[in-house]
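Trainee: quick one, what's the 3D model for this:
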Amino acid sequence: MAGGKSGGKAGISSSAGPKSRSSKAGIQFPVGRIHRHLRKGNYAQRIAAGAPVYLAAVLDWPIRNDEELNKLLGNVTIAQGGVLPNIHNTLLPQKSKKAGAASQEL
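Mentor: Numbers count the residues shown, from 1 in each chain. The predicted model follows:
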């Protein structure tokens, strides 16, 4: 049986590690920690999977978007909160003025 198919899926690498629920949702507050506190706090018999994601987004949104809250909590470090993305302007790709002008031919 030489030349047979090898086991496994070809072309798919599993090099990507586990991804946190906070990074999947694109928020800074720790979803896993909020889920743990909702379960341990006896708020309800069962906690849905989307509830801690929604609560983390509700907590994250006003702090990041309100000028006064952002100033008040600007130096506060949220444990397990991730890092806000900050890309220097010189590293961003240059925007072209007219993309379609050069490709038009009659």
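
Trainee: in this protein, which helix is the longest?
Mentor: Criterion DSSP state H: the longest helix present in the chain is helix 51-65.

Trainee: packing partners of it?
Mentor: If you count contacts as 3 or more CB pairs under 8 Å, 6 or more residues apart in numbering; DSSP states H and E, helix 51-65 packs onto helix 21-25, helix 31-40, helix 67-72. All C-beta spots, glycine's among them, are computed from the backbone N, C-alpha and C.

Trainee: shaky segments in the chain?
Mentor: Low-confidence segments of the chain (pLDDT under 70): 1-15, 79-85, 98-106.

Trainee: let's go with 80 and repeat that
Mentor: Along the chain, segments meeting pLDDT under 80 span 1-16, 64, 73-74, 76-87, 96-106.

Trainee: any chance of the helices and strands packed on helix 51-65 in JSON lines, with distance to Ile47 too?
Mentor: As requested, the helices and strands packed on helix 51-65 are arranged in JSON lines below (distance: least, CB to CB, whole Å):
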{"stretch": "helix 21-25", "distance to Ile47": "13"}
{"stretch": "helix 31-40", "distance to Ile47": "5"}
{"stretch": "helix 67-72", "distance to Ile47": "27"}
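
Trainee: thanks again, I'm all set now.
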